[in-house]
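Participant: Need a 3D model of the following:
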Amino acid sequence: MRALAVIALAATVTACTTPSGSWSVRPGMPLIAADNLQNRLAQDEGVIAALTKTAAPGAVIFAPGPVDALKWLGEQERFPQSQWQGHLVAVSCDGSLGAVTGAIQWGEYPGYYTTIWRYENAAENQRGEWRWIVSHGDALENPRPAPQRALTQVASCKDIPEPAGMIGQAGQSADGSLRYNWTYTVDDGRTLTVEIWDGSRFKAVIADKVAAGQAE
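Facilitator: You can find the predicted model right below:
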């Protein structure tokens, strides 16, 4: 039954992965579907397999400093059983880049996670797919309260400024309407921010800070 559920969910994601079409109906739906599918894969095949299968080449994870995710995952033998629930979805105007943040449970321990996702175009006559490029999280003393449904923040397509060049560890959607930035030092730990264009300025929708020495 669970395998059938995964197949059905995968079909749903495939049907709504492209940045156009369904975005005008429910912006953010393809991205939260990809995040949900990744979580379902983690329950069925384990966290290492789920993260590996959904990562983009060059994806970054923190252990505790930034490392190549696929190389690091390939060296791990065990990973705590985890499950997560997206609470906020931020999507660029053109649907090429997005972020999901929410609650995560590492066994019985609560925490939060933020994942940056990028839409990967496929060959002609084939559908593309969402793949993650940055993943991080941290423990919390108390679980994050869950909203009734995942909240969606969509960047405005109005008067978007010219995309700035990538500086340091930063990225942005092709149209410049969503951008993210993460920094890391051994002494200060790391920060990760996600900003979207609201029609007149960039506003921060995610601002995470993790103390030094904390992995993932």
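Participant: Residues in a beta bridge with the residue nearest to residue 139 when sequence neighbours are not counted, which ones?
Facilitator: Closest residue in space to residue 139, ignoring its immediate chain neighbours: residue 111 at 4.5 Å, by CB to CB, 6 or more residues apart in numbering. Placement of C-beta: from N, CA and C, glycine included. Residue 111 has the following beta-bridge partners by DSSP bridges: residue 104, residue 139.
Participant: give me the number of residues near residue 115?
Facilitator: For residue 115, the number of neighbouring residues by other CB atoms under 10 Å comes to 24.
Participant: Please renumber the chain so that the first residue is 25 from this point on.
Facilitator: Happy to do that; since the first residue is 25 now, the last one works out to residue 139.
Participant: measure it to residue 224 for me?
Facilitator: 28 Å (CB to CB, to the nearest Å).
Participant: Which helix or strand contains residue 157?
Facilitator: strand 153-163 (DSSP states H and E).
Participant: hang on, the earlier thing: thought the residue nearest to residue 163 was touching residue 165?
Facilitator: No. Between residue 135 and residue 165 there is no contact under CB atoms under 8 Å: 9.8 Å.
Participant: Flag the shaky bits of this protein, pLDDT-wise.
Facilitator: Scanning the chain for pLDDT under 70 picks out the ranges 25-51, 147-150, 187-193, 239-240.
Participant: quick one: secondary structure of residue 88?
Facilitator: At residue 88 the chain is in coil, as set by DSSP: H, G, I helix; E, B strand; the rest coil.
Participant: shouldn't it be in contact with residue 236?
Facilitator: Yes. The pair residue 88 / residue 236 is scored as a contact, 7.2 Å apart, by CB under 8 Å.
Participant: Those two: which is more packed in?
Facilitator: More crowded of residue 88 and residue 236, by other CB under 10 Å: residue 88, with 18 against 13.
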